[in-house]
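Enquirer: Compute the structure for the input listed below.
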Amino acid sequence: MIEATNLTKRYGKKTAVDDVTFTVEPGRVTGFLGPNGAGKSTTMRMIVGLDRPTAGRVRVNGRAYAEHRAPLAEVGTLLDAKAVHTGRTAYNHLLAMAATHGISKKRVAEVIEMTGLESVAGKRVGGFSLGMGQRLGIAAALLGDPQTLILDEPVNGLDPEGVLWVRNLVRFLASQGRTVLLSSHHMSEMAQTADHIIVLGRGKVIADAPVGEIVARAAGGAVVVRSPQAAALEEALRATSAAVTQTESDRLEVTGVPAERIGEIAEGAGIVLHELTPTNGSLESAYMQLTADEVEYHSENPLGHVAQEQGALR
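Expert: Next comes the predicted model:
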C-alpha cells in the first residue's frame with residue numbers, strides 16, 4: 001500500500017506537488033495520470049525517497065521508503081529505464097542489484113526469463129533498443145519479488161506483444177494482492193489495464209476514483225441519431241430539453257434526452273430512424289475534460305495555419 005498525506009514539494013517559488021493526499025490500495029492496478037508538469041514524476045520520486053518532501057509524508061507498506069531494510073523486497077520501481085551502466089550486460093546489471101540484497105542468481109535467471117531477455121542477457125545494455133531497455137527495467141523492478149510496484153511509462157518502446165505482456169503482468173501481480181501504481185500517457189492501454197485512476201493537475205489531485213466512475217462522470221450521455229428526416233427530428237427535439245448538433249446531413253448528436261425518449265419523439269412525429277445509438281465515453285475523453293484547464297504547456301494546431309495559408313492562396 002502507498003499512502004501519501006498532505007504531500008508537498010517546492011523548488012524555490014515553484015510548487016511541483018501541492019498538498020496531495022491519496023492511497024494506492026493493494027489488489028488492484030492504479031493508474032497515475034496527468035499532463036506534463038502535473039507533478040507525477042516528482043510524486044513518484046518522493047515515494048521512493050529520491051526527493052525529500054517540503055511538507056507532508058508518504059508511506060509504502062507502512063513505512064517511509066528509507067526505513068525499509070530491504071527496499072527491493074518491498075518496492076519495485078521503474079522510473080528511468082536508461083538509468084543503467086551501459087557497459088554492463090543485462091545479466092550483470094541484475095546480478096549487481098541482486099548482490100546488494102542477498103538475492104540469488106536463481107531469481108536473476110527467473111526475471112530474465114519472465115521478461116523475455118534470455119537472448120540478450122549477455123549483451124551490453126548500451127546496445128539495447130528502447131523496448132529491450134524497458135524490459136530490463138521491469139526485470140529490475142521485479143527482482144526482489146516486491147509487494148509494491150511503481151512503473152513509470154512501462155510500455156514505451158514496446159511492440160504490441162510487449163504491451164499485452166505488460167498489461168497481463170500487472171493485472172496478474174495485482175490479482176496476487178500486490179499494490180501496483182502505473183503511470184502512462186497511453187489512455188487506451190490504461191483503460192484496459194487500470195482498475196482505479198488518480199489524476200494530477202498542476203500538482204493537485206483532480207480525480208481519484210474507479211475507471212468506470214470517471215468515464216461515466218464525463219461521458220455526457222450523447223446519443224447518435226441518423227434519419228432521412230434529420231431536420232424535422234432536430235426541430236422536434238429542440239422543443240424538449242435536448243441539445244442537438246447536426247454532424248452530417250442525416251446525422252445528429254443529442255444530449256440531455258435519453259435514447260428511449262428520442263425514439264418516442266420520432267415515432268410521435270412520424271419520423272423514420274436509421275440509427276439510435278447511445279455513445280459510451282472513453283477514458284481519453286474523460287481525461288481531456290478533467291485536465292482541460294490544468295495543462296501547463298499548450299500546443300497550437302499547425303493545421304489551422306495550413307488552412308489559413310491555403311485560404312490565402314485561393
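
Enquirer: so where is the protein shaky, pLDDT-wise?
Expert: Residues of the chain that meet the criterion pLDDT under 70 lie in 218-221, 294-314.

Enquirer: for it, longest helix please?
Expert: helix 160-175 (DSSP state H).

Enquirer: residues of it that come out buried?
Expert: When burial is assessed from 16 or more other C-beta atoms under 10 Å, helix 160-175 yields the following buried residues: Gly162, Val163, Trp165, Val166, Arg167, Leu169, Val170, Arg171, Leu173, Ala174. Quick note: C-beta positions are derived from backbone N, CA and C, even for glycine.

Enquirer: Which of these sits closest to Glu248?
Expert: Val163 (34.1 Å; C-beta to C-beta).

Enquirer: That closest one contacts Val155, correct?
Expert: Yes - proximity of Val163 to Val155 meets the contact threshold set by C-beta atoms under 8 Å, at 4.8 Å.

Enquirer: Could you identify the helix or strand that succeeds the longest helix of the chain?
Expert: Sequence order places strand 179-183 as the next helix or strand after helix 160-175, per DSSP states H and E.

Enquirer: in its sheet, what does that next one sit against?
Expert: In its sheet, strand 179-183 lies beside strand 28-33 (parallel), strand 148-152 (parallel), with partners assigned from DSSP bridges.

Enquirer: Present those strands as JSON lines; the columns should include mean neighbour count.
Expert: Putting the strands paired with strand 179-183 into JSON lines (neighbours: other C-beta atoms under 10 Å) gives the following:
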{"stretch": "strand 28-33", "mean neighbour count": "23"}
{"stretch": "strand 148-152", "mean neighbour count": "23"}
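
Enquirer: Just put those in TSV and tack on distance to Glu118.
Expert: Formatted as TSV, the entries for those read as follows, by distance: least, C-beta to C-beta, whole Å:
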stretch	distance to Glu118
strand 28-33	27
strand 148-152	22
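
Enquirer: Nearest to Ala236 among those strands would be which one?
Expert: strand 28-33 (40.5 Å).

Enquirer: out of the strands paired with strand 179-183, nearest to Thr89?
Expert: The nearest among these, by C-beta to C-beta, is strand 148-152 at 23.0 Å.

Enquirer: From the chain's centroid, how far away is that closest one?
Expert: 12 Å (C-alpha atoms, centre = their mean, to the nearest Å).

Enquirer: Repeat that for stretch 172-180.
Expert: Computed by C-alpha atoms, centre = their mean, the separation of stretch 172-180 from the middle of its chain amounts to 17 Å.

Enquirer: What pairs with the helix or strand hosting Val205, parallel or antiparallel?
Expert: Secondary structure assignment for Val205, by DSSP H and E: strand 204-210. With DSSP bridges as the criterion, the sheet partners recorded for strand 204-210 are strand 196-201 (antiparallel).

Enquirer: Could I get the CA-only coordinates of the strand it pairs with as PDB?
Expert: These are the backbone C-alpha positions of strand 196-201, laid out as PDB (Å, rounded to 0.1, in the frame of the first residue of the first chain):
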ATOM      1  CA  HIS A 196      -8.600   2.800 -10.400                       C
ATOM      2  CA  ILE A 197      -7.300   6.200 -11.600                       C
ATOM      3  CA  ILE A 198      -5.600   9.100  -9.800                       C
ATOM      4  CA  VAL A 199      -5.200  12.300 -11.900                       C
ATOM      5  CA  LEU A 200      -2.900  15.100 -11.000                       C
ATOM      6  CA  GLY A 201      -3.200  18.700 -12.500                       C
END
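
Enquirer: before we move on, back to that, so what sits against both of Val163 and Val155?
Expert: The overlap between the contact sets of Val163 and Val155 (C-beta atoms under 8 Å, 6 or more residues apart in numbering) consists of Glu189.

Enquirer: Many thanks, have a good one.
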